[in-house]
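Novice: Based on what follows, work out the 3D shape:
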Amino acid sequence: MKINKNTIHFFKNLYWDYQVSEGNIITIIESGECNGLTRKNLLSRVLKSRRWYEIKKNLSPELLKEALSEDVLNTLFPKSLSLRYNYVKKILYP
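Specialist: This next block holds a predicted model:
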């Protein structure tokens, strides 16, 4: 998967509370985990903290589909946020 600098910066800003390098972000995206941080957690943070237009702009179609998976949506709080993204999922992936 090709990851550009803007996308790396987008994800890196999600971890303002951790010291996460660009290399770690790439590893999390490509392999699913790095230093205890997981792609599931990364995608959950995206849905909780970014606007939809930013999400669509920065996530590849594969990552977007994974972000809207039940596994990730079940981590969202409040529940209403999960319900909104379930609606989006139904529209995008009928």
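
Novice: how far away is Gly36 from Ile29?
Specialist: Using CB to CB, to the nearest Å, Gly36 is found at 15 Å from Ile29. The C-beta positions use only the backbone N, C-alpha and C, and glycine is treated the same way.

Novice: Those two: which is more packed in?
Specialist: With neighbours defined as other CB atoms under 10 Å, Gly36 and Ile29 compare such that Ile29 has more, 20 against 7.

Novice: Show the contacting residues for the more buried one.
Specialist: 1, 3, 11, 39, 42, 63 (CB atoms under 8 Å, 6 or more residues apart in numbering).

Novice: Just the ones of those residues in helices?
Specialist: The helices, defined by DSSP state H, take in 11, 39, 42, 63 from the contacts of Ile29.

Novice: ok, and the most crowded of these?
Specialist: Phe11 (24 neighbours).

Novice: Quick check: of the ones in helices among the contacts of Ile29, which lies closest to Thr75?
Specialist: Distances from Thr75 to these, taken as CB to CB, are shortest for Leu42 (11.1 Å).

Novice: Would you confirm that that closest one contacts Leu14?
Specialist: Yes. Assessed by CB atoms under 8 Å, Leu42 is found in contact with Leu14 at 6.6 Å.

Novice: Give me the common contacts of those two.
Specialist: Counting by CB under 8 Å, 6+ apart, no residue touches both Leu42 and Leu14.

Novice: and the helix or strand that contains His9, what's its mean pLDDT?
Specialist: In the assignment (DSSP states H and E), His9 maps to helix 5-12. Summarised as a single mean, pLDDT over helix 5-12 is 92.

Novice: can you check stretch 23-40 too?
Specialist: Averaging pLDDT along stretch 23-40 gives 95.

Novice: Put the alpha carbons of that stretch into PDB.
Specialist: Extracted in PDB, the C-alpha atoms of stretch 23-40 (Å, rounded to 0.1, in the frame of the first residue of the first chain):
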ATOM      1  CA  GLY A  23       8.100   4.700  10.500                       C
ATOM      2  CA  ASN A  24       5.900   3.400  13.300                       C
ATOM      3  CA  ILE A  25       2.800   4.900  11.600                       C
ATOM      4  CA  ILE A  26       3.700   3.100   8.400                       C
ATOM      5  CA  THR A  27       4.300  -0.200  10.300                       C
ATOM      6  CA  ILE A  28       0.900   0.100  12.000                       C
ATOM      7  CA  ILE A  29      -0.900   0.700   8.700                       C
ATOM      8  CA  GLU A  30       1.000  -2.000   6.800                       C
ATOM      9  CA  SER A  31       1.300  -4.800   9.400                       C
ATOM     10  CA  GLY A  32      -1.500  -3.900  11.900                       C
ATOM     11  CA  GLU A  33       0.600  -3.300  15.000                       C
ATOM     12  CA  CYS A  34       3.700  -1.500  16.300                       C
ATOM     13  CA  ASN A  35       4.900  -1.100  19.900                       C
ATOM     14  CA  GLY A  36       1.500  -2.000  21.300                       C
ATOM     15  CA  LEU A  37      -0.400   0.400  19.000                       C
ATOM     16  CA  THR A  38      -2.800  -1.300  16.600                       C
ATOM     17  CA  ARG A  39      -4.500  -0.400  13.300                       C
ATOM     18  CA  LYS A  40      -7.800  -0.900  15.000                       C
END
